[in-house]
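Undergrad: Model the following, please.
(chains A, B and C)
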Amino acid sequence: MKLYDYILSPSCYKVRLMAALTGVKLDLQPVDFHPGLEHRGPELLALNPAGSIPILKDGDLILTESSAILVYLAAKAAAEWLAGDKPEEAARVQQWLSFSGRLTTSLGGARLHEMLLRPGDIDALQAQGISALRELEAGLVEQSLRGRRFVAADRPTVADIACFPYVALAPDGGVSLDPYPAIRLWSRALRSLDGFIEMPGIHRLHELKPEPLIETGEA
Amino acid sequence: MTAQAMIDEWYPVGLFSQLQPAGRQTALMGEPIVVSSDADGNATVTGGNGRSLPVLVRYGHVWSSLGQPKKALFPIPEADQPGRRFVDVGAVRVRCSPLRAVENFLDIAHFPFVHTDILGAEPHTEVQNYKVEIREDVDEVWATQVKFYQPQAAKSAAGGITTEYMYRVPAPTCSVLYKTCPPRPSEWDVITLFVQPLAEDLCDVWPWMALFDDDTSMTDLIHFQQTIFLQDRSILENQIPRLLPLDPGMEIPTRADLTSIAYRRWLKRRNYTYGAQLVAQ
Amino acid sequence: MPSDTTGFWTPVALSADLPAGTVIPARTPAGSVALWRSEAGRLAASADRCPHRGMRLSHGFVRGEALSCIYHGWSYAQAGNCLRIPAHPGLTPPETIRVAIHEVAEADGVIWVAAGVPASKPPRLDGLTPLRSLTVLAGKDAIETAAGGKTSPDGLVETAAGAGGVWLLAADDGQTLVHVLVRDDAGTKDRIAASRAAESLRRRAENLQREGIVQ
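TA: Predicted structure coming up:
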């Protein structure tokens, strides 16, 4: 499976993260998104006329839209990441997959503006981002009151992976994560999963490894 | 803080390869400027009141100044060396002092914690003694014999190696790093950090590289450097205060910070204080 | 917020939001703090700034009984003294390297940080269980108007009809951290209702603040 990938793209990171968590091997094809704008070049537009990445190619199959790619990876390799057959759970997975699109436009838009100098109404993007974070925070509080640690179930699903990257990288767009305790606990639970990988802007949880014994040279 | 002493310096304001006739609006030390190309494809830079600002094109970037630069842009002889590949990494905006961005670039002790498993990894955290000097003849800060164990020092590195570094600060918001070149041990890879001060607490950082590496794709080289810099960015945006404190009582350095100590001393001596905080607040 | 001449307590977070081995940012009238709980469960609050390079310590990590800065890994004990500088493994950090610390208290599921030296302990919240904390971009007056109640000397506001639970306020400049409390015997349905009512009250308080109806 070949992923057209940009290391700084949270949407591409969703796919890399999902693959890492489910043990799927990806062949990464780096795209010069910044500063080269290669995603808007003829070769990639031929694969995805929307001019966006990620794009996943598996044999003759070409998939775009990160949520669809997450579902594809999970269905192939680890069905427990999909919704089970309970109606509420199925609906909640869809709810947060749809919601993740709003994170992309709001927090993602603010991040592109603040970091990579893309145009946009930064005040509006940040305000929309804060509204979305408050919704997620409230959703996670309710889940925890129902005894569930993740957005759709008591186990992580594709919906968590769809929401996590833009939320974790909100500060890149000038939106603080300080006011959201439930998001902090959820983010920590995801970052502690076996096989979790980071992207630039999300630091390693160094506490997951014990403090090393350090040999001193010429101190 | 005054911009006076720094106003006559050259600053990066854009990539030459991305110049457009329509122009790009940006800023230099608080003044809105427009960087564009004229009918012959030459770079022009226009200041806030429509006046033409000094321009030169070097190291892949357009350089300009709000004042009257008294000297030529600092030399990087490796930029003219055959066989090197020149990498325009592109701008990343950071909400921090341009001086903080440079100081972070001069620091190796953060590698294991911020660039984990790439430029450093526990337990290899020790910073060995190295040499630092302010070279009065060229008016530059130099750190030499800097050594650090790196799991993946460059895109071209196959595994962990002890990398040797030399750092150079030839201008208040620019630094040049010379680093062990894995495919060609007799040469140094050159990695620079050119910082455009937009305001005292806001900057666009333009990394640029001149490498010996015939195998790695240009996109991979760009992404490697963007990865490193984006890991630093979340640190830079969370340092308090945003300005670089030049008051020695504000922050506590150790022997590992000798380059930073020399850099701060040099800034203070030259009155390069745009982006600095002189007195603790 | 109970106060006396020597100091006072601010409720900064809920116990459940700070598991062992983690650090979180918190706001107090005395400035931002890094609030952390060691692996053994001991609570501590330090200034949210590493004295080495000014990095926020709340971005750091907790290993064992120490808080470490994410930038260079400098570690601090609960008492604020520097324990370890990874760049110099052989060095015992001098006593002069330390972070300012604040007294912390924990009771009834709420964590309090002291400004100064309070003469008494933080108030007890008998019969109440904390549900969640939320930040309201409005001052105390707007919140009282929205909630339809007045703040008690202990910082508690009874929301009208009790639907939004009881609010414990920690006011700051222009924004207020609200801890929503419910009766100990409230069931899941009531708790979810109280959380939703708190969201509604926040919207009203922020509208009041925005429209300048209350200061």
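Undergrad: show me where the stretch 51-200 of chain B has strands.
TA: For the stretch 51-200 of chain B, strands defined by DSSP state E, counting those that start in this stretch occupy the ranges B:52-53, B:55-58, B:61-64, B:85-88, B:92-94, B:131-135, B:140-150, B:161-171, B:174-180, B:188-199.
Undergrad: can you give me the helices for chain A?
TA: Taking DSSP state H to define them, one finds helices in chain A at A:10-22, A:42-47, A:66-77, A:87-103, A:109-116, A:122-145, A:158-168, A:181-191.
Undergrad: Quick one, which of these gets closest to A:Lys209.
TA: helix A:181-191 (13.1 Å; C-beta to C-beta). Placement of C-beta: from N, CA and C, glycine included.
Undergrad: residues from the stretch 151-281 of chain B in reach of chain C?
TA: Within the stretch 151-281 of chain B, the residues that sit near chain C (C-beta under 8 Å from any C-beta of the partner chain) are B:234-235, B:238-241, B:245, B:250-256.
Undergrad: May I have the residues that are in contact with the spatially most central residue of chain A?
TA: Centroid-nearest residue in chain A: A:Pro165, 3.1 Å away (criterion: C-alpha atoms, centre = their mean). A:Pro165 is in contact with A:10-11, A:13-14, A:17, A:199, A:202, counting by C-beta atoms under 8 Å, 6 or more residues apart in numbering or on different chains.
Undergrad: Could you report the neighbour count for the spatially closest residue to it that is not a sequence neighbour?
TA: Spatial nearest neighbour of A:Pro165, chain neighbours left out: A:Pro10 (3.6 Å); criterion: C-beta to C-beta, 6 or more residues apart in numbering or on different chains. For A:Pro10, the neighbour count with other C-beta atoms under 10 Å in any protein chain shown is 24.
Undergrad: For the closest residue to B:Val92 other than its chain neighbours, give the beta-bridge partners.
TA: Counting by C-beta to C-beta, 6+ apart, B:Val205 is the residue found nearest to B:Val92 once chain neighbours are left out, at 5.2 Å. Per DSSP bridges, residues listed as beta-bridge partners of B:Val205: B:Val92, B:Val195.
Undergrad: okay, now the residue of the stretch 51-200 of chain B at minimum distance from chain A: neighbour count?
TA: Closest residue of the stretch 51-200 of chain B to chain A, C-beta to the nearest C-beta: B:Gly90 (3.2 Å). By the criterion of other C-beta under 10 Å, B:Gly90 has 24 neighbours.
Undergrad: Now do the contacts for it.
TA: A:34-35, A:116, B:15, B:206, B:222, B:226.
Undergrad: Restricted to strands, list these.
TA: Counting by DSSP state E, the members of these that fall within strands are B:15, B:206.
Undergrad: elements contacting the least confident helix or strand in chain C by mean pLDDT?
TA: Sorting the helices and strands of chain C by mean pLDDT, DSSP states H and E puts strand C:166-171 at the bottom, at a mean of 80. With contacts taken as 3 or more C-beta pairs under 8 Å, 6 or more residues apart in numbering or on different chains; DSSP states H and E, strand C:166-171 sits against strand C:7-14, helix C:140-147, strand C:156-158, strand C:176-183.
Undergrad: Please tabulate the strands of the stretch 51-200 of chain B in CSV, including the columns mean neighbour count.
TA: Formatted as CSV, those follow (neighbours: other C-beta atoms under 10 Å in any protein chain shown):
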stretch, mean neighbour count
strand B:52-53, 14
strand B:55-58, 16
strand B:61-64, 25
strand B:85-88, 17
strand B:92-94, 22
strand B:131-135, 14
strand B:140-150, 19
strand B:161-171, 19
strand B:174-180, 22
strand B:188-199, 23
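Undergrad: Quick one: closest of those to A:Lys86.
TA: Proximity to A:Lys86 (C-beta to C-beta) singles out strand B:92-94 among those, at 44.2 Å.
Undergrad: For the residue sitting nearest the centre point of chain B, give me its contacts.
TA: By C-alpha atoms, centre = their mean, the mean C-alpha position of chain B lies nearest to B:Leu193, the distance being 2.1 Å. Contact analysis of B:Leu193 by C-beta under 8 Å, 6+ apart lists B:101-102, B:105, B:174-175, B:177, B:205-207.
Undergrad: Can you tell me how far it is from B:Ala72?
TA: Going from B:Leu193 to B:Ala72 by C-beta to C-beta, to the nearest Å gives 20 Å.
Undergrad: Now C:Arg132: which helix or strand?
TA: Element membership for C:Arg132, per DSSP states H and E: strand C:128-136.
Undergrad: So is that strand next to chain A?
TA: Yes: against chain A, strand C:128-136 shows contacts by C-beta under 8 Å from any C-beta at C:131-135.
Undergrad: number of nearby residues for residue 58?
TA: Went with chain A since none was named. A:Asp58 is flanked by 14 other residues according to other C-beta under 10 Å.
Undergrad: nope, chain C
TA: Neighbours of C:Ser58 under the rule other C-beta under 10 Å: 21.
Undergrad: Go ahead and confirm B:Leu99 touches B:Ala276.
TA: Yes: if you go by C-beta atoms under 8 Å, B:Leu99 and B:Ala276 touch, sitting 5.8 Å apart.
Undergrad: Compare those two and say which is more crowded by neighbours.
TA: B:Leu99 (28 against 23).
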